[in-house]
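*Asks:* Only the shape, not the letters, is given here:
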């Protein structure tokens with residue numbers, strides 16, 4: 001029974017990570033659409049996305 005609970009929690013965690021990743025993608029798209037994108041902000045968003053993607057892959 002603990003396995004079923006863990007699986008549900010894991011699915012919820014994965015869903016939260018994917019939602020966060022999508023939010024970062026939207027922020028990155030918005031930043032890149034600006035006339036003069038902030039290079040530091042773009043790099044920071046890309047780093048955050050990569051970290052989340054790695055965590056999603058491990059889940």
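*Replies:* All right, it came through fine. Everything numeric here is computed off the predicted structure, so don't read it as measured data.

*Asks:* which helix is the longest one in this structure?
*Replies:* As assigned by DSSP state H, the longest helix anywhere in the chain is helix 2-33.

*Asks:* Mind listing what's buried along it?
*Replies:* Using 16 or more other Cβ atoms under 10 Å as the test for burial, helix 2-33 gives 17, 21, 24, 27, 28. For the C-beta atoms, the positions are set from N, CA and C on the backbone; glycine is no exception.

*Asks:* for stretch 51-59, same thing?
*Replies:* Of all the residues in stretch 51-59, those buried under the rule 16+ other Cβ under 10 Å are residue 52.

*Asks:* quick one: low-confidence ranges for the chain?
*Replies:* Low-confidence segments of the chain (pLDDT under 70): 1-6.

*Asks:* spatially speaking, which residue is in the middle of it?
*Replies:* The residue lying closest to the centre of the chain (Cα atoms, centre = their mean) is residue 21, at 2.0 Å.

*Asks:* my guess is that one meets residue 49, correct?
*Replies:* Yes: counting by Cβ atoms under 8 Å, residue 21 does reach residue 49; the two are 6.1 Å apart.

*Asks:* In contact with the closest residue to residue 56 other than its chain neighbours, which residues?
*Replies:* Excluding its sequence neighbours, the residue lying closest to residue 56 (Cβ to Cβ, 6 or more residues apart in numbering) is residue 17, at 4.9 Å. Neighbouring residues of residue 17 by Cβ atoms under 8 Å, 6 or more residues apart in numbering: 52, 55, 56, 59.
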